[in-house]
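need a 3D model of the sequence below.
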Amino acid sequence: MSPRRRERRVIAAAGAAALVAVGLNLAFSAVAAHRRRKRRELPGFTSQVNLSASDIKRLADRVIAKSKETYDAVGAVPLDKVSFSNVIAPLAELDAQLFPLVQACVLPRMVSPSDDVRRSSAEAEKRLDFHFLQCRQREDVYCVIKAFMQKGERIGLEATRFVQCMVREFERNGAKLTQSKKTEMDKLKSHIDDLSLKYIQSLNDSTKFLLLSEEELAGMPLEFLKELENTDGKRKVLLTSYHVTPILEHCKVGSTRNMIAVAYGQKGGKENIAILEKLVQLRHRLARLLGYPNYSDYAIEPRMPRTSRKVLEFLEEMSEQLNDQANRELSILKDLKMKEEGDAQFGVEDLLYYMKRAEELKVDLDIGEIKQYFPVDLVISGMLKTFQDLFALRFEEIKDAETWHDTVRLFSVWDASSSDLLGYFFLDTFSREGKYSHTCVMALQNGCLCSNGTRKVPVAVLLSQCPKECDRNSTLLRFPEVVRIFHEFSHVVHHISNRATFSRFSALQVEGDFAEIPSLLLENWCYENISLKMMSGFHQDITKSITSEACQSLKRRRDMFAGLKLKQEILLCLVDQIIHTSENVDIDDLIKDLHPKVMLGIPLLEGNSPASCFPRIAIGYDAVCYSYIWSEVFAADLFASKFKDDLLNQHVGLRFRNKVLAPGGSKNPVDIITDYLGREPSLQAFIQSKTRNIL
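Here you go, the predicted structure:
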């Protein structure tokens with residue numbers, strides 16, 4: 001019997017015992033039951049999408065109670081009596097049953113039109129997060145799982161990986177620490193959270209500004225100048241990216257660009273550098289407490305590279321291989337500056353301005369005109385067709401579904417060949433008051449096999465912020481918005497394609513580096529004629545799609561100065577890695593040393609400290625800033641070797657869906673991609689795509 005069949009049989013056989021043990025008869029309130037009866041029944045879909053504030057509170061209470069009941073039952077199993085059926089199956093079933101209920105509590109915070117519902121959802125999310133963190137710190141449950149692991153029962157490859165992942169999560173949350181060390185860990189995490197928030201609050205301070213004359217702002221668009229407050233005959237420029245980036249891109253006055261760049265680079269000031277140095281010290285202490293040599297190794301252990309050494313080698317190799325291309329690009333920018341400003345030294349503050357100038361000179365593209373070709377409904381219909389054709393899928397809109405707002409659409413997803421139901425997705429496209437303000441994807445339900453032999457299908461929600469339609473004219477999207485929606489919908493397809501047995505291995509819960517690879521791969525379709533034409537049409541005559549010349553210009557614009565742009569990113573990634581692998585690094589000295597080495601001799605601006613205004617290093621991406629570039633490398637290799645020559649080859653797309661997307665996190669992601677490529681991924685395709693002499 002194959003490991004997968006044995007695994008499924010074990011789970012199914014354990015089903016009755018597991019259900020009795022964990023008591024997963026989750027009875028909803030009378031109101032929730034009424035809602036369920038009123039809603040159209042959707043096979044395999046159990047999540048609730050339109051709960052009231054009181055429903056959310058009651059459901060969160062029940063989730064916590066049932067979760068505690070299960071953990072108590074598992075934790076009470078004698079160590080000499082552990083088995084798959086009394087330890088692993090109950091926890092797997094708990095995850096399968098509770099995940100959609102947890103998401104039903106959490107989703108309203110992001111989408112509900114009601115203030116009360118959003119408040120109730122936010123409170124429920126905090127309670128649930130705290131509860132599940134406590135669960136992952138329970139020493140009794142950890143010891144039972146560890147005892148089962150050491151017993152060596154044969155359970156199949158995916159179940160074995162599930163157990164290994166659980167053990168690692170418990171250990172990373174301090175389950176094997178003594179009580180005094182757990183207390184120390186909690187204090188460290190609390191202190192880290194406080195300092196991270198303090199760092200970000202400093203950057204969000206919108207009171208810092210410069211007063212500049214219109215002469216000093218020469219070259220800025222009139223619309224931009226009109227938005228600036230007039231103070232004593234000068235324009236008030238806030239030190240926010242909303243004001244700073246346009247000035248660095250368009251202002252003709254070199255001294256103004258320098259002044260703005262210096263002021264923005266000092267925005268966080270010595271206070272933020274001190275905060276960051278303290279943060280790094282606390283992170284190292286936390287990592288050592290948990291048994292890691294440094295914080296970077298702790299952060300990277302569950303990700304694709306596994307070690308900080310691997311990441312440093314990756315960044316250094318990439319930086320070196322980009323040198324020739326980046327030098328050619330820099331020479332072009334220096335020549336442009338000499339023509340405009342004479343012999344003035346080229347500085348980092350000149351990069352954006354002269355990249356923009358080169359783009360205007362070398363790319364025949366009117367961004368305002370391009371927007372006329374991307375009505376939102378046409379973009380979405382073309383996007384859906386692209387994914388259907390490539391991955392052998394069929395999308396069907398469900399018209400009478402209950403949703404949280406009347407503009408939300410629900411689709412079912414079917415395998416085009418077998419007509420098997422694969423899952424569902426919601427499209428919440430238009431902006432409205434109270435809605436989450438970024439484009440993103442959220443899982444409502446994970447695909448998994450339940451203990452009774454039934455299968456829950458994946459359900460996802462795509463949120464975006466398109467302006468509402470006015471006067472029956474379709475909203476027009478800027479091209480970056482087209483790319484963003486396409487990227488996020490790739491996450492939806494990844495999630496829907498998941499065929500893992502365990503809910504834990506849903507496609508939206510895979511290692512962070514792996515999660516972005518399919519979406520970065522599929523972004524390429526936004527720059528190719530065949531797919532761009534499917535998503536475009538002049539808003540006054542949709543039969544006129546975007547021209548082939550415009551498609552080429554969009555691709556050319558994307559690829560311009562890729563070497564220099566990556567060099568800037570690599571510099572920050574190296575700083576992130578070095579400070580999180582070494583003790584007592586002087587961050588300012590490190591950047592002063594690294595900047596000219598990585599940036600081809602361009603000096604750091606006098607008095608600037610980029611680490612004082614680098615939010616990713618403070619929260620969210622600490623020690624893992626490398627991740628996006630890493631994912632881009634894998635995506636470039638996949639595109640060049642499998643898709644580039646035949647973009648809508650359904651045989652290739654279906655194989656990718658089954659071999660790369662379907663396993664989710666049930667296998668090591670490096671092994672998944674290596675098996676699919678037939679070799680180890682390499683930098684070569686990525687470097688070639690970035691170092692073409694396109695200028």
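
residues contacting Tyr626?
Tyr626 makes contacts with 305, 311, 314-315, 573, 576-577, as judged by Cβ atoms under 8 Å, 6 or more residues apart in numbering. Where you see a C-beta, it was placed from the backbone N, CA and C, and this is true even at glycine.

among the residues you listed, which are located in helices?
Of these, the ones assigned to helices by DSSP state H are 311, 314-315, 573, 576-577.

give me the residues contacting stretch 133-140.
67-68, 71, 75-76, 141, 169-170, 173-176, 182.

quick one: neighbours of Gly368, just the number.
If you count neighbours by other Cβ atoms under 10 Å, Gly368 ends up with 7.

now what about the helix or strand hosting it, what contacts it?
Following DSSP states H and E, one finds Gly368 within helix 367-371. Outside of helix 367-371, the residues within contact range by Cβ under 8 Å, 6+ apart are 476-479, 546, 550, 554.

domains of this protein: list them as residue ranges, please.
If you go by the TED database, the domain ranges for the chain are 53-176, 370-560.

so Ile672, which state does it fall into?
The three-state label for Ile672, taken from DSSP: H, G, I helix; E, B strand; the rest coil, comes out as helix.

do Lys236 as well
Taking three-state DSSP, the label given to Lys236 is strand.

neighbours of Glu549, how many?
The number of residues packed near Glu549 is 10, by other Cβ under 10 Å.

now the domains of the chain as TSV including mean pLDDT and distance to Ile247?
What follows is the domains of the chain, written out as TSV (pLDDT from 0 to 100; distance: least, Cβ to Cβ, whole Å):
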stretch	mean pLDDT	distance to Ile247
domain 53-176	96	33
domain 370-560	92	20
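
so which of the ones you listed comes closest to Ser241?
Closest to Ser241 of the domains of the chain, according to Cβ to Cβ: domain 370-560, at 14.9 Å.

distance from that closest one to the middle of the chain?
Offset of domain 370-560 from its chain centre (Cα atoms, centre = their mean, to the nearest Å): 15 Å.

tell me where the stretch 151-300 of the chain has strands.
209-212, 229-231, 234-238 (DSSP state E, counting those that start in this stretch).

for Gln325, which of these is the nearest?
Gln325 sits nearest to strand 234-238 of all the strands of the stretch 151-300 of the chain, at 33.8 Å, using Cβ to Cβ.

could you pull out the helices in the stretch 1-150 of the chain for me?
3-13, 15-22, 30-38, 53-75, 89-106, 108-111, 115-135, 139-151 (DSSP state H, counting those that start in this stretch).

re earlier: please export the C-alpha coordinates of the helix holding Gly368 as PDB.
C-alpha atoms of helix 367-371 as PDB (Å, rounded to 0.1, in the frame of the first residue of the first chain):
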ATOM      1  CA  ILE A 367       1.100  55.600 -18.700                       C
ATOM      2  CA  GLY A 368      -2.100  57.800 -18.700                       C
ATOM      3  CA  GLU A 369      -3.100  56.400 -22.100                       C
ATOM      4  CA  ILE A 370      -2.300  52.800 -21.100                       C
ATOM      5  CA  LYS A 371      -4.800  53.100 -18.200                       C
END
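
from the contacts of Tyr626, which single one is nearest Ala416?
For the contacts of Tyr626, the nearest to Ala416 is Pro305 (36.4 Å; Cβ to Cβ).

mind checking the longest helix of this structure?
helix 179-203.

what comes up buried for that helix?
Residues of helix 179-203 classed as buried by neighbour count (16 or more other Cβ atoms under 10 Å): 182, 184-185, 188-189, 192, 195-196, 199-200, 202-203.
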